[in-house]
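Visitor: any chance you could fold what I've pasted below:
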Amino acid sequence: MKSILIIADIEGSSGCLSYEASRFKTREWACACYELSKDLDAVVKALFKTGIQRVVIKDFHRTGYNIFRECVDTRAELVSGYLRGPVPGIGSPFGCEGVLFIGMHASSGSEGFLAHTFTSRIEKIVMHGKNIAEVELFASSLFPYEIRPLFFSGGPVACREAAAAITGIETWPIIKNRNLNRNQWREGLAEAAVRSLSNEKTSKFRLKGPYEAILYMKGSEEKIRKLARSWKLPVNKNEIHIKADNFEQFYLMLIRVCYLHPVMEAILPLGLLLFNLYGKAGLRWAKKICKQRGFF
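Guide: Alright, predicted model coming up:
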């Protein structure tokens, strides 16, 4: 194996201890960005030490701008912001052979730390009688590109969900504790990530059809009905029903319901440009906060 993709979130990282630390442009978030960057740096250095030739990090939290470039080994490629495709949000699959999920969280409806699937406006997404987690959706989106899910790190509940969904995936949990020895935990994280490179138990992953799901939404029934009707989807009280012929259609509809409106989709290139500029500005602000605290 020569090329690895890392998908990074913040809730399951070493510096996120509260909702405020996951929320855009808070002082707690600025510190969490720094600690996430250090988590990733430890993993990247360990990967290159094994002989991996290429590491690509996709920042996948909120705006997609949460990682300080100067804190991560310069040999790694950092992809910030959101891209339209071919894989929604990620862009090109980068020709990688395996994917590591770092800093992840549990699914909506679970008891995990800051648990949600895509957005906190969703109470839970139920497919085939069980909650669906983001790791299942992200791994499935990479299926056509022969990218195997090898490793997952996050809270204990999130790790259990990943292990139950993806046969053989290796996990490294984090217990949220202000007394956590981050350097020691990072050493373990990096070692576990390296071990996963020799994992032959996993194969490329895709959620099995039929692609039918119920989105249990939070909020007033009036707003939920309005959202469902904007995408011509069946709705019953707080339930939005999604049905698709294949995974790609299913994934796109989830993204539409969670993040878009038909008018927004029509001007998506401009919207992504503006949203990414917003994310860049936020990360610059976070860097100033971290400099004030002596992190740099």
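Visitor: helix or strand with the lowest mean pLDDT in this protein?
Guide: helix 262-266 (a mean of 92; mean pLDDT, DSSP states H and E).
Visitor: contacts for that helix, please.
Guide: 230, 231, 256, 271 (C-beta atoms under 8 Å, 6 or more residues apart in numbering). The C-beta positions use only the backbone N, C-alpha and C, and glycine is treated the same way.
Visitor: just give me the neighbour total for residue 111.
Guide: 9 (other C-beta atoms under 10 Å).
Visitor: how close does it get to residue 105?
Guide: As defined by C-beta to C-beta, to the nearest Å, residue 111 lies at a distance of 12 Å from residue 105.
Visitor: quick check: bridge partners of residue 59?
Guide: residue 8 (DSSP bridges).
Visitor: strands of the stretch 51-200 of the chain, start to end?
Guide: Ranges of strands in the stretch 51-200 of the chain, per DSSP state E, counting those that start in this stretch, are 54-59, 77-79, 98-104, 122-127, 130-131, 148-154, 170-173.
Visitor: got the contact list for residue 147?
Guide: 5, 93, 96, 97, 98, 99, 204.
Visitor: for ChimeraX, write the selection for the buried entries among the contacts of helix 262-266.
Guide: Only the buried entries of those go into this ChimeraX selection, using 16 or more other C-beta atoms under 10 Å:
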select :231,256,271
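Visitor: so which of the contacts of helix 262-266 sit within helices?
Guide: Among the contacts of helix 262-266, the ones falling in helices (DSSP state H) are 230, 256, 271.
Visitor: wait, which of those residues is closest to residue 129?
Guide: residue 256 (23.9 Å; C-beta to C-beta).
Visitor: what's the lowest-pLDDT member of the contacts of residue 147?
Guide: Taking those together, the minimum pLDDT is found at residue 93 (82).
Visitor: and for that residue, nearest residue in space, chain neighbours not counted?
Guide: With C-beta to C-beta, 6 or more residues apart in numbering as the criterion, residue 93 has its nearest non-adjacent residue at 3.9 Å, and that residue is residue 145.
Visitor: next one: that neighbour, what pLDDT does it get?
Guide: Value listed for residue 145 in the pLDDT field: 95.
Visitor: quick one: it from residue 135, how far?
Guide: Distance, residue 145 to residue 135, using C-beta to C-beta: 16 Å.
Visitor: okay, these two: which has more neighbours?
Guide: Shown here are residue 145 and residue 135; by other C-beta under 10 Å, residue 135 has more neighbours (28 against 18).
Visitor: per-residue confidence for residue 279?
Guide: On the pLDDT scale, residue 279 gets 98.
Visitor: same check on residue 238?
Guide: pLDDT at residue 238 comes out at 97.
Visitor: check the burial of residue 252 by counting its neighbours.
Guide: Residue 252 - counted by other C-beta under 10 Å - has 15 other residues nearby.
Visitor: same question for residue 95.
Guide: When neighbours are counted by other C-beta under 10 Å, residue 95 comes out with 13.
Visitor: cool, the one 4 residues further on as well?
Guide: When neighbours are defined as other C-beta under 10 Å, residue 99 has 28 of them.
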